[in-house]
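K.L.:
Dropping the sequence and predicted coords here.
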Amino acid sequence: MRILIYSYNYHPEPIGIAPLMTELAEGLVKRGHQVRVVTAMPNYPERQIYQEYRGKFYVTEHKNGVHIQRSFVWIRPQPNLLDRILLDASFVVTSFVPAFMGDRPDVIILTSPSLPVCVPATLLGWLRRCPVVLNLQDILPEAAIHVGLLKNKLLIKIFTSLEKFAYASATKISVIADGFVENLLSKGVEASKIVQIPNWVDVDFIQPLPKEDNHFRATHNLDSKFVVLYSGNIALTQGLETVVKAAAKLREITDITFVIVGEAKGLQRLQQQCLDLGADNVLLLPFQPREELPQMLAAADVGLVVQKKNVISFNMPSKIQVILASGRAIVGSVPDNGTAARAIQKSKGGIIVPPEDEQALAAAILDLYQNPEQVKTLGENSRKYAIEQYAFEQALNQYEALCDLLTADGKAVMAEVRSQEGRTAVRPYRSQE
């Protein structure tokens, strides 16, 4: 098949949707498909176009068999409302040109966020007469309204209309967790249109490596420490300030070290808080190269998943799968009624504490520090669950089967048209499940 992945984020961006879409594209190529990716100039999480891509309007690349078409976007490190509008609008406009000029795809896989990109992707699907799979990584604008990022009533109305358009125009909607299914059904989306395919992790790349002879530990003087690791986005929805406060409460126990890995701007903010609270047991580090990720994860005793109280219930951080695959215990400081909490509880690989409660977080970490056998058991459960539920090959099989099914349906429609025109009917290909 010729598959077009329409995604604002892609390699070399290190976190979020980018690694997932990169793995999906390259995995489909290995299965023998032709994959083209339409994406923006890399800019996340710093919100600045990477140095080697600046001053360019379009860039075409080939990496690991994937044909990548990048386009310019309006991006600012500290965006105001107008900047956010221009960001989405610029990608909508600039991305459509390479998307349309490329070969006709058999299937389009569109990732959201960004929500406005559903317009050019839908238009392309209509012009090229091919199905569109809407891959929902978040539900907008609901999530943005819930945490206070979107307050303008006119924009809320516009984005709500875009959401309805995206659901109505998509051939299929793939969602990453059961909370998404519930949300879409409540909005009148037909159940037959929804396919649940969890986000994945490469369980061959991320493995439960030993802490001994770990060069990440050696490099950062962590060899004798009980390491509590957070790696990922440092933004409004995470509330990493709670982690620093919890660390401050445990600073007298010198064996415990908190490691926070993230973007420079977020680290600067946390650095000041560490100084104010005397949390000298917190190590702040920039994002590590992807090839270092297995060693970094293996350096931890406990992996953190952190959300604020007001995070909407269906939010599902992709770091959960990664920590599970690394065979480490999880402490989830997340709402107990949310999708993230359910995933951690089902895995039996972690414990849940109330969000934004530094006392509860500190107590949970101290309890794990004092019970190494529990940490070991949770880690073993994590790895087992990751292999059973989140292995990349399983997700790849599901996406490939979905694209195959949609292509077969398209062939069936064309066969019917030809039959009615008096031509020889073509027997539709049936995908094997």
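P.N.:
Good, I have the coordinates. Residues are numbered from 1 along each chain as shown.
K.L.:
Show the low-confidence segments of this protein, by residue range.
P.N.:
Residue ranges of the chain with pLDDT under 70: 147-148, 236, 313, 409-433.
K.L.:
Could you list the domains of it?
P.N.:
2-200+392-420, 215-389 (automatic domain parsing).
K.L.:
Reformat these as JSON lines; add mean neighbour count and distance to Ile206.
P.N.:
Glycine gets a C-beta too; all of them are placed from N, C-alpha and C. JSON lines is the format used below for these (neighbours: other CB atoms under 10 Å; distance: least, CB to CB, whole Å):
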{"stretch": "domain 2-200+392-420", "mean neighbour count": "18", "distance to Ile206": "10"}
{"stretch": "domain 215-389", "mean neighbour count": "19", "distance to Ile206": "4"}
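K.L.:
could I get those as CSV with distance to Gln207?
P.N.:
Output for the domains of the chain, formatted as CSV (distance: least, CB to CB, whole Å):
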stretch, distance to Gln207
domain 2-200+392-420, 13
domain 215-389, 6
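K.L.:
Pro208 is nearest to which of the ones you listed?
P.N.:
domain 215-389 (2.6 Å; CB to CB).
K.L.:
which stretches of the chain form strands?
P.N.:
2-6, 34-40, 58-63, 66-71, 107-112, 132-136, 172-175, 194-196, 226-231, 256-262, 282-286, 302-306, 329-333, 350-353 (DSSP state E).
K.L.:
which residues touch the last one?
P.N.:
Spelled out, that is strand 350-353. 305, 329-334, 336, 341, 344-345, 360-361, 363-364, 368, 378, 382 (CB atoms under 8 Å, 6 or more residues apart in numbering).
K.L.:
can you check the third one too?
P.N.:
Contact with strand 58-63 is made by 11, 41, 53, 67-72, 94, 97-98, as judged by CB under 8 Å, 6+ apart.
K.L.:
CA atoms only: put that strand into CSV for me.
P.N.:
C-alpha atoms of strand 58-63 as CSV (Å, rounded to 0.1, in the frame of the first residue of the first chain):
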residue,chain,number,x,y,z
TYR,A,58,10.2,23.1,2.4
VAL,A,59,12.6,20.3,3.0
THR,A,60,12.4,16.8,1.5
GLU,A,61,14.3,13.9,3.2
HIS,A,62,14.5,10.1,3.1
LYS,A,63,15.2,8.3,6.3
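K.L.:
quick one on the thing from earlier: show me which of the contacts of strand 58-63 is closest to Arg47.
P.N.:
Nearest member of those to Arg47, counting by CB to CB, is Met41, at 11.7 Å.
K.L.:
which residues sit in contact with the closest one?
P.N.:
Met41 neighbours (CB under 8 Å, 6+ apart): 49-50, 53, 56, 59, 70-73.
K.L.:
Of these, which pair is most distant in space?
P.N.:
Tyr50 and Ser71, at 14.1 Å, using CB to CB across the contacts of Met41.
K.L.:
want to throw the strands of the chain into a markdown table with distance to Gln321?
P.N.:
Listed next are the strands of the chain as a markdown table, based on distance: least, CB to CB, whole Å:
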| stretch | distance to Gln321 |
| --- | --- |
| strand 2-6 | 20 |
| strand 34-40 | 22 |
| strand 58-63 | 23 |
| strand 66-71 | 22 |
| strand 107-112 | 17 |
| strand 132-136 | 16 |
| strand 172-175 | 15 |
| strand 194-196 | 15 |
| strand 226-231 | 13 |
| strand 256-262 | 17 |
| strand 282-286 | 22 |
| strand 302-306 | 11 |
| strand 329-333 | 11 |
| strand 350-353 | 12 |
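K.L.:
Select, out of those strands, the one closest to Leu150.
P.N.:
Short answer: strand 107-112, nearest of these by CB to CB, at 14.7 Å.
K.L.:
and that closest one, what does it pack onto?
P.N.:
Packing partners of strand 107-112 (3 or more CB pairs under 8 Å, 6 or more residues apart in numbering; DSSP states H and E): strand 2-6, helix 17-30, helix 118-128, strand 132-136, helix 392-420.
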